[in-house]
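Enquirer: Output the structure for:
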Amino acid sequence: MSRAPRLFTVPASAPFLATLAGALLDGALVPGFAPRGDPLALASATVFLPTRRAGRLLGEALLAETGGATLLPRIVPLGDVDEDALAFAEEFTEPPAAVPAATRRLALASLVGRWRDLLHDDDGRAAVAAGPGAGIALADALGQLIDEMAAQQVPWERLDDLVPGEHDRYWDMALDFLKIAREAWPALLAAMGAIDGSVRRDRLIATEAARLAALGEDAGPVIAAGSTGSMPATARLLASVARLPQGALVLPGLDTHLDDAAWGSLLDDRAPAPSHPQYGLARLLALVGLRRDEVELLGRPATHGREQIMSEALRPALATDAWASLGATWPATVEAALEDVALIEADDAREEALTVAIALREALDIPGKTAALVTPDRDLARRVAAELLRFGISIDDSAGEPLSESVAGRLARLVADAAAEELAPVPLVGLLRHPQARFGLEAQALTGAADALELMVLRGPRPAAGSDGLIAAVAGFDPADFHRTDPRRRITEPDREHAGDLAARLGTAMAPLLELGSGIHAFADLVAAHQAACDAVRDGYMVMPADAATPILVDAFDALAEGAAYAPAMTLADYASALPDLLSAWSVRPPLDPSARLRILGPLEARLVTVDRMVLAGLVEDGWPAAVRTDPWLSRPMRAVLGLDAPERRIGLAAHDFAQFCGAPELILARAAKVCGAPTVPSRFLQRLAAVSGEARWREALSRGDRFRRLARLLDAEAPSTRIARPAPAPPVELRPTMLSVTEIETWLRDPYSIYARHVLKLRPLDGLDAAPGAAERGSAVHEALGAFAQAYPEALPADAEAALRAFGRHAFAPLEAFPAEHALWWARFERLIPAFLAWERARRSEVARIVAETGGRIALPGTRGPFTLAGYADRIEIRRDGALAILDYKTGAVPTAKQTTAHYSPQLPLEAGIAERGGFNGVPSAPSVDLLYVRLRSGNPPLEEKSVVGTDTTAAALASSTMERLETLVRAFENPAQGYVALHRPMFRGNVGDYGHLARIGEWSLGGEGEGE
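Expert: Residues are numbered from 1 along each chain as shown. The predicted structure follows:
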């Protein structure tokens, strides 16, 4: 039989589980049940706790109280009701099995997808997010709505109370779907012979509550502790436990300081306060039928009295007028409460992480002292863990990480991405470099083969799609095709063999996915092929005991395969896109180390955990508390009509967590002023706490937090050092280059260091991975087409010149057809250039006897240690009828000015004129030049523009002569062993550091006062 409910509360500043353990052993909870002296008696009790972690910690607390000589009670996590115990209850009928979570998710995603496909554009289809990831997100939201309605016992028929037309068009569409789903989803569950997990859990909890009530005295001591009863079914079980003859309910942190008027306003029908931290406990007390003053206090609050200031800071919004009359004793209350509170206001997330790490590390200086970081920001948690490594402390985030972000999960994602993109270089390199990828090879052998494969065929334009394209690209690779200083020239025959073997292994491992092709496939086929490919890629990798993610990935594949029959069919690309969302449903958590003195916890994991120093970080709006998310299926007014909880209910739960954590002996509050470069707003919890603390006391807390910031700055402070000078290496004369091209002479004048890096160190920049063609490739294609046209018709234009030039253009642009977007754009520009070019060509040929195009040449210049060779490659040399020469160069980019050329900073054309005058070009007679022209080929109007670099006060021959003299002076200067190759001696554009700027460490010396040029 039931009796008056027995309720207790443990203050936030008292250690909850230790207090609970002591009270249970001493008989304070259940009269007549004091098992401290009887090691067997405790086993007759049942304790319900919110989480499994709390259950383990209570067991440890009981063993610590009894010295380890006792049998533990039956500890049951709320929601995980013991079905074995129910099996002995009268009239117990086991409910159907719960639909597996993955199966449910896939089935709901399929249901949402079919609904969207049936919508028409005029029905608002565009308003419904498309794509596999969006479909899964909508399915998750639908699953949450189903669970909410089941938990709060809102019948689906109540949807009929929502009047179409009273809402935005989107909400009417969503309502139509929900009315379909309320019929389709139960029918699908019936066909499976299953029910929703939340429904099954609530039924079991209700049955357990009935079983305990029926047992009465025979139920033995039953205690429920640590829960606020946020779920209705759980609240009913808690109320049932409280009324048992030997039952007791222990609440966490019931606010006994809030005045009765404010307490009564929490459940006011006219303006309830779901965002208040005590809202859930107020509802639970109303359900139990007990007043707040009838709840007994367990344990003794800490002397700091922080419960009172937290109660005042978080009081209901409509009752904050009481802040104006806090009384004369309030400053003393605040001073005591904040004495051991520090506030860290970091500049950014990095500083916040470092200061928090220092605060945690400091706790280890005192033997036995414990500390924990609690934050809902997992990125911040990872940053803090990384900063702690600086102190040699390895710590895991016990909140875990999504499987999709784990090492094993990332491998699965890379396998799917690489297959979806047909082994494109970027995802393929990521896969090859993954620590679990082996392809049947030893790690060292795989690294060498991957290096060769990347250098040979993955940098620059991508090879043909698929494994066949990769294998063919390796087979067709010839080091002789590259410049003698190109790293690819150093590829050896063993390198080619290893790369070819790896390409073949890649094809074999990825075959299950690649063979699917680009069509739509059954989800089961995609999952099976994906798992087979992952196994083949991992072949040779030994799973380590510490690798908790790989077994979970296997479980995830099994779960997805189990639910595949209910999933929508999709392409391989859509599957790869959906995979991160699919795998995020599983979490990878490190094993709990009971002896750890430092912990990183999420708010859920931190409930009921007691430490000496509590660090609450990430205290910014939309972080803690999290932003209120809009339900994509029901608007706020629609939810209110149905009787569902307001979204602010989650803020109330976050506020209760915050208030509980603030009871720790030492409290550190931290936030960043900026996150990702954007200013943040302090958490409303911080703002309220600051409001009731007073400016002076709050500044004192901030001052205590600044100590950690100062330590962080000292930790990162660099020893005084002299700024490095501009590099000017002076290698031995015999190592210096004795041949340069005319285009390299400009580099020699402007940035000698680049000549040193390229010709002395023999370094050449690598092409980017999967590098799409850019301006250089477009320019090369245009040059090739115009050059080939001039070579074919050196003296007279053909009758159909436009068709001939177009044919040469098609041949030159053919390699770009592998990049349809670039080819389409650039070919259209070339076709527009053809008429303008031919008109220009006809005008010039009236004074030209013959054209020599795309010709190379070289001359030797005298030097003290032997000749210096100047080489050049001219786009076009016109031999005029009077025997003089005109030298032209096509430019698809910027054109040097006459001033730059006259000053010898852009000497290309004058140097080519000097070579021509000395008879250095093949097929060109020795003669002076009368004109030096750049021909700019552009996408705008006009498409062709010629620009002479010969100024009005000089001639082409004179300019060529003076430029050659300048070059000879430069050659002699660098024959001096003391002459160094200065970095960025005369840069053309500020900020343009060239290919070797990082090697010259320009960022370290150019910002400290020394200019970039001279």
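Enquirer: Quick one: list the elements packing against the helix or strand encompassing residue 207.
Expert: Here residue 207, judged by DSSP states H and E, is contained in helix 197-215. Judged by 3 or more C-beta pairs under 8 Å, 6 or more residues apart in numbering; DSSP states H and E, the packing partners of helix 197-215 are helix 83-86, strand 97-98, helix 132-151, helix 232-243. Where C-beta positions appear, they are placed from N, C-alpha and C, glycine not excepted.
Enquirer: May I see the buried residues of whichever helix or strand comes after the shortest one?
Expert: Reading on from strand 97-98 to the C-terminus, the next helix or strand found by DSSP H and E is helix 101-118. Neighbour counts using 16 or more other C-beta atoms under 10 Å place 102-113, 115-116 of helix 101-118 among the buried residues.
Enquirer: quick revisit: looking at the helices and strands packed on helix 197-215, which is nearest to residue 452?
Expert: Closest to residue 452 of the helices and strands packed on helix 197-215 is helix 132-151 (C-beta to C-beta; 35.9 Å).
Enquirer: Please spell out which residues along the helix or strand following that closest one are buried.
Expert: Sequence order places helix 169-192 as the next helix or strand after helix 132-151, per DSSP H and E. Within helix 169-192, the residues scored as buried using 16+ other C-beta under 10 Å are 171-175, 177-178, 181-182, 185, 188-189, 192.
Enquirer: Tabulate the CA atom coordinates of helix 169-192 in CSV.
Expert: Taking C-alpha atoms only, helix 169-192 is exported to CSV below (Å, rounded to 0.1, in the frame of the first residue of the first chain):
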residue,chain,number,x,y,z
ARG,A,169,2.4,27.5,-46.6
TYR,A,170,5.4,25.4,-45.6
TRP,A,171,3.7,24.5,-42.3
ASP,A,172,0.6,23.4,-44.1
MET,A,173,2.7,21.2,-46.3
ALA,A,174,4.4,19.7,-43.3
LEU,A,175,1.1,19.2,-41.6
ASP,A,176,-0.2,17.3,-44.6
PHE,A,177,2.8,15.0,-44.4
LEU,A,178,2.4,14.4,-40.7
LYS,A,179,-1.1,13.3,-41.3
ILE,A,180,0.2,10.8,-43.9
ALA,A,181,3.0,9.7,-41.6
ARG,A,182,0.7,9.0,-38.6
GLU,A,183,-0.9,6.3,-40.7
ALA,A,184,2.1,5.1,-42.7
TRP,A,185,4.6,4.8,-39.8
PRO,A,186,2.5,2.7,-37.5
ALA,A,187,1.6,0.4,-40.4
LEU,A,188,5.3,0.0,-41.3
LEU,A,189,6.1,-0.8,-37.6
ALA,A,190,3.3,-3.4,-37.5
ALA,A,191,4.7,-5.0,-40.6
MET,A,192,8.1,-5.2,-38.9
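Enquirer: Run through the neighbouring helices and strands of that helix.
Expert: Counting contacts by 3+ C-beta pairs under 8 Å, 6+ apart, helix 169-192 is packed against helix 101-118, helix 132-151.
Enquirer: Make JSON lines out of those and add distance to residue 609 and mean pLDDT.
Expert: Below are those laid out as JSON lines (distance: least, C-beta to C-beta, whole Å; pLDDT from 0 to 100):
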{"stretch": "helix 101-118", "distance to residue 609": "27", "mean pLDDT": "89"}
{"stretch": "helix 132-151", "distance to residue 609": "26", "mean pLDDT": "89"}
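Enquirer: Residue 457: which of the ones you listed is closest?
Expert: Comparing the helices and strands packed on helix 169-192 by C-beta to C-beta, helix 132-151 comes nearest, at 30.9 Å.
Enquirer: so how far is the closest one off the chain centroid?
Expert: With C-alpha atoms, centre = their mean, to the nearest Å as the basis, helix 132-151 stands 24 Å off its chain's centre.
Enquirer: repeat for stretch 543-562
Expert: The chain centre lies 22 Å from the centre of stretch 543-562; the measure is C-alpha atoms, centre = their mean.
Enquirer: Next, the buried residues of it.
Expert: 547, 548, 549, 550, 552, 553, 556, 557, 559, 560, 561.
Enquirer: Show me the contact partners of that stretch.
Expert: By C-beta atoms under 8 Å, 6 or more residues apart in numbering, the residues outside stretch 543-562 that reach it are 100-103, 106, 403, 406-409, 412, 436, 523-524, 527-528, 530-531, 534, 567, 582-583, 585-586, 588-591.
Enquirer: how about the CA coordinates for it, as CSV?
Expert: Output in CSV follows, covering the C-alpha atoms of stretch 543-562 (Å, rounded to 0.1, in the frame of the first residue of the first chain):
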residue,chain,number,x,y,z
VAL,A,543,43.5,-3.4,-34.9
MET,A,544,45.0,-2.2,-31.6
PRO,A,545,43.2,-2.8,-28.2
ALA,A,546,42.9,1.0,-27.8
ASP,A,547,41.1,1.3,-31.1
ALA,A,548,37.5,1.5,-29.9
ALA,A,549,36.1,2.9,-33.1
THR,A,550,36.8,0.0,-35.5
PRO,A,551,34.5,-2.5,-33.7
ILE,A,552,31.8,0.2,-33.6
LEU,A,553,32.2,0.8,-37.3
VAL,A,554,31.6,-3.0,-37.8
ASP,A,555,28.5,-2.7,-35.7
ALA,A,556,27.4,0.3,-37.7
PHE,A,557,27.7,-1.6,-41.0
ASP,A,558,25.7,-4.5,-39.5
ALA,A,559,23.0,-2.1,-38.3
LEU,A,560,22.8,-0.3,-41.7
ALA,A,561,22.6,-3.7,-43.5
GLU,A,562,19.8,-4.8,-41.2
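Enquirer: what about the chain, any weak spots by pLDDT?
Expert: Along the chain, segments meeting pLDDT under 70 span 1-2, 79-93, 120-130, 545-546, 592, 987-992, 1007-1014.
Enquirer: most remote residue from it's center?
Expert: residue 882 (67.9 Å; C-alpha atoms, centre = their mean).
Enquirer: Check for me that it belongs to a helix.
Expert: No: Residue 882 is assigned coil when assessed by DSSP: H, G, I helix; E, B strand; the rest coil, not a helix.
Enquirer: Could you measure from it over to residue 931?
Expert: 12 Å (C-beta to C-beta, to the nearest Å).
Enquirer: still on that earlier bit, put together CSV for the buried residues of helix 101-118, with distance to residue 901 on each row.
Expert: Listed next are those as CSV, based on distance: C-beta to C-beta, whole Å:
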residue, distance to residue 901
102, 69
103, 73
104, 73
105, 68
106, 68
107, 72
108, 70
109, 65
110, 68
111, 71
112, 66
113, 64
115, 68
116, 63
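Enquirer: which one among those residues gets closest to residue 832?
Expert: residue 116 (42.8 Å).
Enquirer: how much space between the closest one and residue 235?
Expert: Noted for residue 116: a distance of 37 Å to residue 235, by C-beta to C-beta.
Enquirer: ok but residue 33 is inside a strand, no?
Expert: No: counting by three-state DSSP, residue 33 is not part of a strand but coil.
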